[in-house]
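Student: take this sequence and fold it.
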Amino acid sequence: MKTHIKTSFLSTAAGGIKSGFTKADFSKSILIYEISRFEVENGLVDRLVHDLRVEDDNPLIYAGPGHWVFSVCGYDDAPRELWQIPEFRSYIQRANKEGIPWIYYASIESLWLQVVALCLIDNAATLTDTSKQRTKMAFDETGVRNFLAEQVDQFLALCEIAGVPPEEAEKQMAEVCASFGMDGSD
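Tutor: Numbering: from 1, shown residues only. Predicted structure coming up:
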């Protein structure tokens, strides 16, 4: 698979600079999307919202569902996990208000959906086992269902625009549900 590192706008929205990217450049690629600490601490969600928009002129959607790995730069030495940092929680909450369909973009293996959910679901909790260097996440089932349900329409719209076969879309939804310990047939 091809890997692209995405750190700035890729369209004419960025000061009229046209990118050389086409939808074919992203087909079946893994995209590494970097979010800077500066963006987080200043609540600058415009780039993220623009890049994750549900529009057919967005070449980034053609990587397909579950092909994005999100990275937040600048917190590597922070003693807290991202979801424990108030500025990051605020950043995710602000971005989420713009209707980002995280379930389309995020790689299941990256656990980005769980990080986002920890920032958005009121009754979410974590427990860290320092002896095993492992963190367990717990989510209120109703909260998870609401978190996922608010994204389904945009997820399906993106799948249609990108020409994602129904079987692949169903598989992504089942994997998303399973990543939260839920049966995807519910």
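Student: ranges for the strands of the chain?
Tutor: 3-6, 30-36, 68-73, 125-129, 134-138 (DSSP state E).
Student: next one: the residue nearest to A162 when sequence neighbours are not counted from L48, what distance?
Tutor: Leaving aside its sequence neighbours, A162 sits nearest to I61 (Cβ to Cβ, 6 or more residues apart in numbering; 4.9 Å). From N, CA and C alone the C-beta is placed, and that goes for glycine too. Distance, I61 to L48, by Cβ to Cβ, to the nearest Å: 14 Å.
Student: the more surrounded of the two?
Tutor: A direct count of neighbours by other Cβ atoms under 10 Å for I61 and L48 places I61 higher, at 27 against 19.
Student: tell me, how many residues neighbour the residue nearest to Q114 when sequence neighbours are not counted?
Tutor: Closest residue in space to Q114, ignoring its immediate chain neighbours: M137 at 5.3 Å, by Cβ to Cβ, 6+ apart. When neighbours are counted by other Cβ under 10 Å, M137 registers 16.
Student: hey, what's M137 bridged with?
Tutor: Note on M137: beta-bridge partners T126, judged by DSSP bridges.
Student: now the end-to-end length of stretch 50-69.
Tutor: Using Cα to Cα, to the nearest Å, the end-to-end distance of stretch 50-69 comes to 17 Å.
Student: again with stretch 50-60
Tutor: Start-to-end span of stretch 50-60 (Cα to Cα) is 11 Å.
Student: quick one on the thing from earlier: distance of the residue nearest to A162 from L82?
Tutor: Distance from I61 to L82, by Cβ to Cβ: 25 Å.
Student: for this protein, just list every one of the helices.
Tutor: Here the chain has its helices, by DSSP state H, at 23-26, 37-41, 46-51, 86-96, 102-105, 112-120, 141-162, 166-179.
Student: which of the residues in stretch 176-186 are buried?
Tutor: Going by neighbour count (16 or more other Cβ atoms under 10 Å), the buried part of stretch 176-186 is V176, C177, S179, F180, M182, G184.
Student: now it, how far from the chain's geometric center?
Tutor: Distance of stretch 176-186 from its chain centroid, counting by Cα atoms, centre = their mean, to the nearest Å, is 17 Å.
Student: how many neighbours does I85 have?
Tutor: Counted with other Cβ under 10 Å, I85 comes out at 19.
Student: show me what contacts it?
Tutor: V40, Y75, A78 (Cβ atoms under 8 Å, 6 or more residues apart in numbering).
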